[in-house]
Each structure stands twice: as C-alpha cells, then as structure tokens.
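Asks: Test case, fold it:
(chains A, B, C and D)
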There are 2 protein chains.
Amino acid sequence: MGDHASGKGLQRAALARWTGCNLETIRYYEKIGMLPDPPRTAAGYRVYQEDHVARLRFVLRARELGFSIEEIRGLLDLVDRGNQTCAEVKERTERHLTDVRSKIADLKRIERVLAATAAHCSGEEVPECPVLDALAS
Amino acid sequence: MGDHASGKGLQRAALARWTGCNLETIRYYEKIGMLPDPPRTAAGYRVYQEDHVARLRFVLRARELGFSIEEIRGLLDLVDRGNQTCAEVKERTERHLTDVRSKIADLKRIERVLAATAAHCSGEEVPECPVLDALAS
DNA sequence: CTTGAGTCTGTAGTTGCTACAGACCGTACA
DNA sequence: TGTACGGTCTGTAGCAACTACAGACTCAAG
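Replies: Predicted coordinates for the structure are as follows:
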C-alpha cells in the first residue's frame, strides 16, 4: 500500500494514520468544507498530498486546543486570504483564551464541591449520604 | 394561573420557573425517564407536585456538577432503592472528581499553549503569525 | 480466480438538549 | 355568547462534532 509521503499520495487510511485522525472524520471534515476535496483516482478513491496533511494537522491541533469548527473556519479563512493580520489572529486567540479560563474556573468550582461532599462521606453503609443530600438540597 | 407551591400543583411552565429549568427540557427529562410521568388533568395537562420539584432540582444540580445523564440515572437509582450504600455514592463521586480534575489539567495545558502563542504576537500587520505557525507545525 | 482488505456512498446513531409547527384548552374581556 | 390570547399538547427536526454502520465496489496477492 502506498503509505509513504513521497510518491503519488496517500489514501484515506494512510492520511488517518499520518495525522492520528479517525478515518471517518476525514470524510466529515471534507463534507463540511474544512478540508478541500482531494483529487480522485479513476475508481473514485481520494488521493491526498502534503498540503492535505498540513491542513488536517492544523485543524486537529486547533480542535485539541478547544477551538470550535466555526472558529477554525475563521482561522483557515485568514490563512487562505494570505494577508494574515496578526492582530486579528491574536485577538481571536485571546478571546478563546478567556473562554478556556472561564471553563477552568467553572470546573474548579465543581471540583471543590465534589471534593467537599466526598470528604464528608463516611464510606460506610449508612442510609444518610451527604453527597446525595448536597445534590438534593 | 396556579403558580403557587401550595394548592393543587404546578403546570409545566411553573415548574420551569421554580427550578430555573428550560420548559422543553422538562419534557425531555420525562421522555428519557429522569423524571417520573406526572399525573394529568382531564385535558391532558401535566400537574407537578413537590416531589417533582425536588427530583428535577437534583437532576439539574447534578448536571451542573458535570455528571452525565447516565451517571445521574445511577445516582437516582441508588436514591430510589433507598438502601443507599454511602460507599457506593462516594466511589462514584470520586470517580467523577477524577474526571473533572483531568479535564482541568487538559484545559490548563491548552491555556498555557494559547497564552504562550498569544504572547509571541506582535499584534502588528505582519504576514508572519506565531499562532498560526504554532497550529501548523 | 478467489479472497481479503481497502474504499466508496448515504444514512443513522451519539449526548443533551432546544425549537419549532399545528392542534387543543381555558380564561378574561366586551 | 363570541373571540382573542395565552398556555399546553404532540411529534419531529435541528444543533455540535463526530462515529459507525450497510451494501456496493476496487484492487492486489496468492
């Protein structure tokens, strides 16, 4: 199987292996326009080149960093327009950073509550349970 | 409109107001078995009592704390079985706590990357953007 | 020449809701 | 008594972001 980056290109499974992406997700990204439609063989098989690898990696990395599909679409648009105003990218990044920080704050609040209620637990077979009480009240 | 907790019970909108739950979500929770089917008026209107308020609050609180629907189903099952083994509840809570902490750790990692890349940004109109580079590489 | 693995398509399922459309019901006001 | 306006009912479709099939096709190896 032509799995090498050199040569004529990658099939879908090869692209998935190279990027760590799920096989079906590649098709999904193509469908929603996050990946350009690749050329096809005579039999209709997709053939990917280096630029597809790069773009998919970009998308996956941005998803890892918690950007939504729509946010990534915006970033890609900046990339594709070429005249990337760094200021705009910075602003989007910082807006996203604010989101991430507020999620962290939320989770920390949750963590405190869970830890506190679990700590009250005797861990014994008693009918009273402070965790359930905390939830119910 | 009978909106008081005393009296004959609450209609759906009233329950929503009392608990802060979205109107449609109540019906959804009923459909998936998180809320018991309430009695109906002759015309088919749902009528809720105090115990529905309590159960809905329990569910909403648990959701706030990040428990999944299935996890809450488990907790409710323990509640309903009555012989709540505190040990079991504690164990589930701590398992969930572990989840929450790992989410926090993930987000913090993301936060660091975002903050670092944003900090490299000149904020000027240059073609090079370290954020995009960071994503692409 | 057959077998097995890879690929193709469209579609349905997932989680946890949210938002309709279109049909009733029930009360206040004229 | 009529009617207008809100509330409620049902089923269904939509959202994000995938994931997982079924059934048909292709391709290379043995």
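Asks: Spell out which residues of chain A are next to DNA strand D.
Replies: Contacts of chain A with DNA strand D, taken as CB under 7 Å from any atom of the strand, map to A:22, A:24-25, A:27-28, A:41-45, A:63, A:68-70. Backbone N, C-alpha and C define where each C-beta goes, glycine included.
Asks: Please enumerate the helices of chain A.
Replies: Applying DSSP state H to chain A gives helices spanning A:12-19, A:23-31, A:50-64, A:69-81, A:86-120, A:130-136.
Asks: to the chain's geometric centre, what's the distance from the second one?
Replies: For helix A:23-31, the distance between its averaged C-alpha position and the chain's averaged C-alpha position is 13 Å (CA atoms, centre = their mean, to the nearest Å).
Asks: I'd like to know which elements it is packed against.
Replies: With contacts defined as 3 or more CB pairs under 8 Å, 6 or more residues apart in numbering or on different chains; DSSP states H and E, the packing partners of helix A:23-31 are helix A:12-19, helix A:50-64.
Asks: just to revisit the earlier point, only the buried subset of the residues of chain A next to DNA strand D, as a PyMOL command please.
Replies: Here is the PyMOL command that selects only those of the residues of chain A next to DNA strand D that count as buried (16 or more other CB atoms under 10 Å in any protein chain shown):
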select buried, chain A and resi 25+63
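Asks: Any chance of the residues of chain A next to DNA strand D in TSV with distance to DNA strand C and pLDDT as columns?
Replies: Below are the residues of chain A next to DNA strand D laid out as TSV (distance: CB to the nearest atom of the strand, whole Å; pLDDT from 0 to 100):
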residue	distance to DNA strand C	pLDDT
A:Asn22	11	96
A:Glu24	7	96
A:Thr25	11	97
A:Arg27	6	97
A:Tyr28	8	97
A:Thr41	8	97
A:Ala42	11	96
A:Ala43	7	97
A:Gly44	5	97
A:Tyr45	4	98
A:Arg63	16	91
A:Ser68	14	93
A:Ile69	14	96
A:Glu70	15	95
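Asks: Mind telling me the two of the residues of chain A next to DNA strand D farthest from one another?
Replies: Of all pairs drawn from the residues of chain A next to DNA strand D, the greatest distance, 37.4 Å, lies between A:Ala42 and A:Ser68 (CB to CB).
Asks: Neighbours of A:Lys108, how many?
Replies: The number of residues packed near A:Lys108 is 14, by other CB atoms under 10 Å in any protein chain shown.
Asks: for the nearest residue to it once chain neighbours are set aside, what are its contacts?
Replies: Nearest non-adjacent residue to A:Lys108, counting by CB to CB, 6 or more residues apart in numbering or on different chains: B:Ile104, 6.4 Å away. Residues in contact with B:Ile104 (CB atoms under 8 Å, 6 or more residues apart in numbering or on different chains) are A:Ile104, A:Leu107, A:Lys108, A:Glu111.
Asks: out of the residues you listed, what pair is the most spread apart?
Replies: A:Ile104 and A:Glu111 (10.1 Å).
Asks: Against B:Lys90, how distant is the residue positioned nearest the centre of chain A?
Replies: In chain A, the C-alpha nearest the mean C-alpha coordinate belongs to A:Arg63, at 2.2 Å (CA atoms, centre = their mean). As judged by CB to CB, to the nearest Å, A:Arg63 and B:Lys90 stand 35 Å apart.
Asks: any idea how far A:Val100 is from DNA strand D?
Replies: 13 Å (CB to the nearest atom of the strand, to the nearest Å).
Asks: State the distance from the nearest residue to that residue once chain neighbours are set aside to B:Leu60.
Replies: Leaving aside its sequence neighbours, A:Val100 sits nearest to B:Glu111 (CB to CB, 6+ apart; 5.1 Å). Using CB to CB, we find B:Glu111 at a distance of 28 Å from B:Leu60.
Asks: for A:Glu88, same thing?
Replies: 39 Å.
Asks: So those two - more neighbours on which side?
Replies: B:Leu60 (18 against 15).
Asks: Enumerate every residue touching that one.
Replies: B:Thr19, B:Gly20, B:Cys21.
Asks: show me the contacts for the first one.
Replies: To tie it back to what came earlier, the one meant is B:Thr19. B:Val53, B:Leu56, B:Arg57, B:Leu60.
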